[in-house]
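[1] This is the structure alone, sequence omitted:
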């Protein structure tokens, strides 16, 4: 599957950057805190580079320069040999290469003399100090990811409905490296309890699991919001979260922009849904023709761009709430590479019945909101600018009384800033994998998270960095956790 546009499906990493490893019980799944990461081998979006035809002794890389695959092998060997007992004189089994937002990324499988296989995830910066490295003992290397979606039409591709926001758009600073830094801020409880995980065998299945958790007795409104489940249109699920919450409706993913998917009819029946709202790319005759008997379209919201779609959804939310203007408006980047910021904010926006708008890239530190969205930002009393937009100015924002800027150096610290602001003292936390290949698991969770007043905590494959650890330390000891996605996304405690 091509995940170059920033959201897709793959497998996560499980690692530890310190030799001491602590866990916070996730109702049976382990949340690793501090600079530690989680298990599995990431599915890389581009080519695979092999270190050789077979295992190669780590000593062979001792004098290799730091750049390139061999430099990654050298770094991986050094790290594993120094940090994991019994890993001395290890061998490199394979190296998988990718490029993530301009930085080379390598996953190196290293085998110790004991037979234990480790995975080292190396993000190479422009200098050694700008590089990130973490590794772990790999579990179940041959197992497939439980949420991987191998359906042919769920692969990523050009965003033909949204030509102004194509997947290869790379505007603005990168605040979303897939890494964590800093020391442990909390030594959480390591007791075990019953598992709590919302997952399916496909991305559709995971969205169905979230819907059933939100509506165990069926959807009283008999309404569901449908958005396209293919990678290039997943942004619609984020901007739809506040409207779905207002409609008391779950967000369900179709198989693709023109394919409902074979499981959808049964799921609509199970949930008791008789009306659907089509948002974005699914607002087309092909989807309507595939709806089961007894299910009708109550509304459609789709524009020529993702910005126009977000504006139409905001207008529908305004009509639903009966307000003349929104006191609060959330604004996140519409750039495909930075959609994690909108994902983190979706529960807060839904809880406040506030629209989640998308902004184009800043030019010289200034953002001009599209004409379709500008009336909402212009009339708002408070603008909440998120992530990469936090330090920019919106030129046509109007005379907003307050501008709140919530952003961090990474997608994870941005998530923590949002969670700290809007979910202090939360009794429940939904845990998501913030690595681009796994964001899809959390896209439908916004309305559910808002209903139970829970944040969506972004982790690097289950890793919680320093900021996240501080946030978790502020929560009650009785806080409960629910993983979004399968064990390939957030590994189980047994694999930690």
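    It's in. Computed from a predicted model, the values in this text were never measured in an experiment. Numbering: from 1, shown residues only.
[2] what sits against the residue nearest to residue 269 when sequence neighbours are not counted?
    Nearest non-adjacent residue to residue 269, counting by C-beta to C-beta, 6 or more residues apart in numbering: residue 292, 7.3 Å away. C-beta coordinates here come from the backbone N, C-alpha and C atoms, glycine included. Contacts for residue 292 (C-beta atoms under 8 Å, 6 or more residues apart in numbering) come out as 264-265, 268-269.
[3] any idea whether the closest residue in space to residue 248 that isn't next to it in sequence is helix, strand or coil?
    Spatial nearest neighbour of residue 248, excluding adjacent residues (C-beta to C-beta, 6+ apart): residue 221 at 4.4 Å. Of the three states, residue 221 takes coil under DSSP: H, G, I helix; E, B strand; the rest coil.
[4] Got phi/psi on residue 304?
    phi -70, psi -20 (degrees, to the nearest 10).
[5] Residue 414 now?
    Taking degrees, to the nearest 10 as the convention, residue 414 sits at phi -60, psi -40.
[6] Repeat that for residue 277.
    Torsion angles, degrees, to the nearest 10, at residue 277: phi -110, psi 120.
[7] is it in a bridge, and if so with what?
    residue 225, residue 299 (DSSP bridges).
[8] Do you know the pLDDT at it?
    Note on residue 277: pLDDT of 98.
[9] wait, doesn't it sit right on residue 227?
    No. Look at residue 277 against residue 227 with C-beta atoms under 8 Å: they stay out of range, at 9.4 Å.
[10] Neighbour count: these two, which is higher?
    Neighbour count, other C-beta atoms under 10 Å: between residue 277 and residue 227, residue 227 has more, with 29 against 24.
[11] Let me see the domain layout of the protein.
    Here the domain parsing of the chain from automatic domain parsing is 48-165, 197-495.
[12] Surely residue 108 touches residue 95?
    Yes. If you go by C-beta under 8 Å, residue 108 and residue 95 touch, sitting 5.0 Å apart.
[13] higher neighbour count, those two?
    residue 108 (29 against 24).
[14] Check the secondary structure at the more buried one for me.
    strand.
[15] give me the element the closest residue to it other than its chain neighbours is part of.
    Distances taken as C-beta to C-beta, 6+ apart place residue 76 nearest to residue 108, at 3.7 Å, with adjacent residues excluded. Using DSSP states H and E, residue 76 falls within helix 68-83.
[16] Show the average pLDDT along that helix.
    Averaged across helix 68-83, the pLDDT comes to 68.
[17] Over to stretch 258-266?
    95.
[18] Mind listing residues that contact that stretch?
    With C-beta under 8 Å, 6+ apart as the criterion, stretch 258-266 contacts 153, 202, 204-205, 208, 229, 252, 254-255, 284, 286-287, 290-292.
[19] Need the max-distance pair from those residues.
    205 and 284 (23.2 Å; C-beta to C-beta).
[20] returning to what we had before: and the residue nearest to residue 248, how many neighbours?
    Neighbours of residue 221 (other C-beta under 10 Å): 15.
[21] how close does it get to residue 298?
    10 Å (C-beta to C-beta, to the nearest Å).
[22] just residue 373 next, same as before
    24 Å.
[23] Neighbour count: the two, which is higher?
    residue 373 (24 against 15).
[24] right, and the more buried one touches residue 312 too?
    No. At 9.9 Å, residue 373 does not count as touching residue 312 under the criterion of C-beta under 8 Å.
[25] Okay, helices next: where are they in the stretch 351-496 of the chain?
    374-379, 411-422, 446-451, 466-473 (DSSP state H, counting those that start in this stretch).
[26] on that earlier part again, between the contacts of residue 292, which sits nearest residue 331?
    residue 264 (32.0 Å).
[27] Quick one: neighbours of that closest one, just the number.
    26.
[28] One more: residue 473?
    Count around residue 473 with other C-beta under 10 Å applied: 13.
[29] Same check on residue 232?
    So residue 232, with other C-beta under 10 Å, has 26 neighbours.
[30] Also residue 366?
    Neighbour number of residue 366 under other C-beta under 10 Å is 11.
[31] Run through this protein and note the low-pLDDT ranges.
    1-54, 62, 64-69, 79-88, 96-107, 114-195, 400, 493-496 (pLDDT under 70).
[32] hang on, the earlier thing: test my guess that the residue nearest to residue 248 contacts residue 246.
    No. Residue 221 is beyond contact range of residue 246, at 10.2 Å (criterion: C-beta under 8 Å).
[33] where do the contact lists of these two overlap?
    With C-beta under 8 Å, 6+ apart, residue 221 and residue 246 have no common neighbours.
[34] more crowded one of residue 205 and residue 284?
    Set residue 205 next to residue 284 and count neighbours by other C-beta under 10 Å: residue 205 wins out with 20 against 16.
[35] Could you list the residues in contact with stretch 386-399?
    172-176, 330-333, 335, 338, 340-342, 344-345, 359, 362, 365-369, 374, 377-380, 383, 385, 403, 405-408, 411, 414, 418.
[36] And that stretch, end to end?
    19 Å (C-alpha to C-alpha, to the nearest Å).
[37] Buried ones in it, by neighbour count?
    386-390, 392, 394, 397 (16 or more other C-beta atoms under 10 Å).
[38] what's the answer for stretch 360-375, then?
    360-362, 367, 369-370, 372-375.
[39] can you give me the end-to-end distance of that stretch?
    16 Å.
[40] my guess is residue 275 contacts residue 268, does it?
    No. Counting by C-beta under 8 Å, residue 275 does not reach residue 268; the two are 9.8 Å apart.
[41] neighbour count winner among the two?
    Ranked by neighbour count (other C-beta under 10 Å), residue 275 and residue 268 place residue 268 first, with 25 against 18.
[42] Wait, a helix at that one?
    Yes. Assessed by three-state DSSP, residue 268 belongs to a helix.
[43] State the distance from the nearest residue to it once chain neighbours are set aside to residue 478.
    Of all residues not flanking residue 268 in the chain, residue 295 sits nearest, at 5.7 Å (C-beta to C-beta, 6+ apart). Distance from residue 295 to residue 478, counting by C-beta to C-beta: 40 Å.
[44] how about the nearest residue to residue 413 once chain neighbours are set aside, what does it touch?
    Excluding its sequence neighbours, the residue lying closest to residue 413 (C-beta to C-beta, 6+ apart) is residue 467, at 4.7 Å. Contact analysis of residue 467 by C-beta under 8 Å, 6+ apart lists 182, 408, 412-413, 416-417.
[45] Okay, residue 467 and residue 415: tell me how far apart.
    8 Å.
[46] residues bridging contact with those two, i.e. touching both?
    residue 408.
[47] what packs against the host helix or strand of residue 346?
    Residue 346 belongs to helix 340-351 when assigned by DSSP H and E. Other elements packing on helix 340-351 under the criterion 3 or more C-beta pairs under 8 Å, 6 or more residues apart in numbering; DSSP states H and E are helix 235-239, helix 241-246, strand 328-333, strand 356-359, strand 382-386, helix 411-422, helix 446-451, strand 456-459.
[48] Residue 320 is nearest to which of those?
    Here helix 241-246 is closest among the helices and strands packed on helix 340-351 (C-beta to C-beta), at 4.7 Å.
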